[in-house]
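**Q** generate a structure from the sequence data that follows.
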Amino acid sequence: MNTSGRTSRALRIAGFALGLACTPLIHAQDLPPSGQPLTEVARLDWLCNAVALTSGGRLFVGLPRWPGFEKTPSIAEVLPDGSLKPFPGGQWNAWAPGKPSAAALVKINTIHIFDDDTLWAIDQGEDAGPKGINLGQKILQFDTRDGKLLRSISLPANVLPAGANLNDLRLDSEHAYVTDSGLGAIIVINLKTGEAVRRLAGHPSTQMAPERRPIGENGQPLLLADGSDHQVHSDPIEISPDGQWLYYQPLSGPLWRVPTAALRDTRISEAELGKQVEFVHDTSPLTGTAMDSAGNVYLGEYDRPRVSVYAPDGTLRVVAEDPRLWNPDAMIISDQRELYIPVPQSARMASNRGPGGQDAIVRPFMIYKVQLPAALGGREKVPAVVGKPLATVAR
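**A** As a prediction, the model looks like this:
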């Protein structure tokens, strides 16, 4: 398909959401469980939107300071007895408005542990509104053994302008790829030189189309407190097993991909880069994704309590569908080929339900896992970016 065809097709697809209001409302009780059975991993008092595992099986959770959860420790390890141990500890977990943010976890949006067993986190900083500069936005890397800070990356204004909002990241052996969900863009950081570039800013693939409104449980649209639509631009992100393609989408879809080499090459103009963006699939709104070693993309759906998987051959199947899975978020795959699914119930938060929105969250917050069928892939490998994996490095 030529580029102009892909673009025009994408614009036609944007009208897909207009018909949602005519579809029957989806009620949790109307959907019997299907696909792989859920196994409970943990139940938490704090809202959890991300999980991460070390090679030795230590489980870490991301606990964002979203409205109503301002006193969370932000990152914690789930101990064998189910209790939480704040990570990395000390003042990092004790931030409050008015306190310094450089060595503190302000508003953690996601965490990841890749092959070297270090923990990476996106800190969205203090909320300054849609046109403000969020103080404290940074990308952090910690040693999971002792909590030592290995890296803190802050970005200049030309890469992270007012209104930008760091969202999620993926790595290859030398670079970090980060979505900006505030304005819509992909940020590429060279982890050896520290150089960062902002790409595809304003491109249709990084922008949430207003007509594709996320409508979830019981027909509830995603709304801000003032009644306006909650616009979340480029959000979930994945990198192909060979490192050649970056997959991403705005919250409401559809799913796109672009060559990572083109993203990194600053000699390629924005116009030329835009021509290399490819439409992948007309996904529903997604709150979280994962990718396995075979290139399958796992889709945490917003409008149904379901995780589906999109295969490279274009087929789509259900991994798990269960009333307990409304708004699954940042998923991971373990070495045992288990898909871990945190369920923060973000659409049930009062702050996401418009004027006078009522809290519909069901506590406690759950983390589940499902065993992946043999026909699917396993954990996707990510080369260490700090040298040897920590498990093989002497203290």
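
**Q** which strand or helix spans Ala262?
**A** helix 260-264 (DSSP states H and E).

**Q** so for that helix, mean pLDDT?
**A** For helix 260-264, mean pLDDT is 97.

**Q** relative to Glu40, how far out is Ala128?
**A** 38 Å (C-beta to C-beta, to the nearest Å). The C-beta positions use only the backbone N, C-alpha and C, and glycine is treated the same way.

**Q** next one: Ser152
**A** 35 Å.

**Q** now do Thr54
**A** 20 Å.

**Q** these two: which has the busier surroundings?
**A** Thr54 (18 against 10; other C-beta atoms under 10 Å).

**Q** check the more buried one and give its pLDDT.
**A** 96.

**Q** quick one: contacts for it?
**A** By C-beta atoms under 8 Å, 6 or more residues apart in numbering, the contact list for Thr54 reads 60, 113, 117, 144.

**Q** distance to Arg264 added to those residues, as JSON lines?
**A** As requested, these are arranged in JSON lines below (distance: C-beta to C-beta, whole Å):
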{"residue": "Phe60", "distance to Arg264": "29"}
{"residue": "Ile113", "distance to Arg264": "24"}
{"residue": "Asp117", "distance to Arg264": "26"}
{"residue": "Thr144", "distance to Arg264": "28"}
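
**Q** buried members of the residues you listed into PyMOL, please.
**A** Restricted to buried positions by 16 or more other C-beta atoms under 10 Å, the PyMOL selection for the contacts of Thr54 reads:
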select buried, resi 60+113+117+144
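
**Q** now do the phi/psi pair for Gly227.
**A** Phi and psi for Gly227, reported as degrees, to the nearest 10, are phi 90, psi -10.

**Q** roughly how far does it sit from Phe142?
**A** Applying C-beta to C-beta, the value for Gly227 to Phe142 is 40 Å.

**Q** cool, Asn165 as well?
**A** 22 Å.

**Q** how far is stretch 57-76 from where the chain is centred?
**A** 15 Å (C-alpha atoms, centre = their mean, to the nearest Å).

**Q** give the rounded mean pLDDT of it.
**A** On average, stretch 57-76 scores 97.

**Q** pull out the buried residues from that stretch.
**A** 58-66, 69, 72-76.

**Q** for stretch 215-225, same thing?
**A** Buried, per 16+ other C-beta under 10 Å, within stretch 215-225: 215-217, 220-224.

**Q** with secondary structure added, can I get those residues in JSON lines?
**A** Shown next, in JSON lines, are those (DSSP: H, G, I helix; E, B strand; the rest coil):
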{"residue": "Ile215", "secondary structure": "strand"}
{"residue": "Gly216", "secondary structure": "coil"}
{"residue": "Glu217", "secondary structure": "helix"}
{"residue": "Gln220", "secondary structure": "coil"}
{"residue": "Pro221", "secondary structure": "strand"}
{"residue": "Leu222", "secondary structure": "coil"}
{"residue": "Leu223", "secondary structure": "strand"}
{"residue": "Leu224", "secondary structure": "coil"}
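
**Q** will you turn those into CSV that also has distance to Asp322 and pLDDT?
**A** Output for the buried residues of stretch 215-225, formatted as CSV (distance: C-beta to C-beta, whole Å; pLDDT from 0 to 100):
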residue, distance to Asp322, pLDDT
Ile215, 20, 94
Gly216, 15, 92
Glu217, 13, 96
Gln220, 19, 96
Pro221, 23, 96
Leu222, 21, 97
Leu223, 26, 96
Leu224, 29, 94
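
**Q** between those residues, which is nearest Met331?
**A** Proximity of those to Met331 (C-beta to C-beta) peaks at Gly216, which lies at 17.8 Å.

**Q** perfect, I'm done here.
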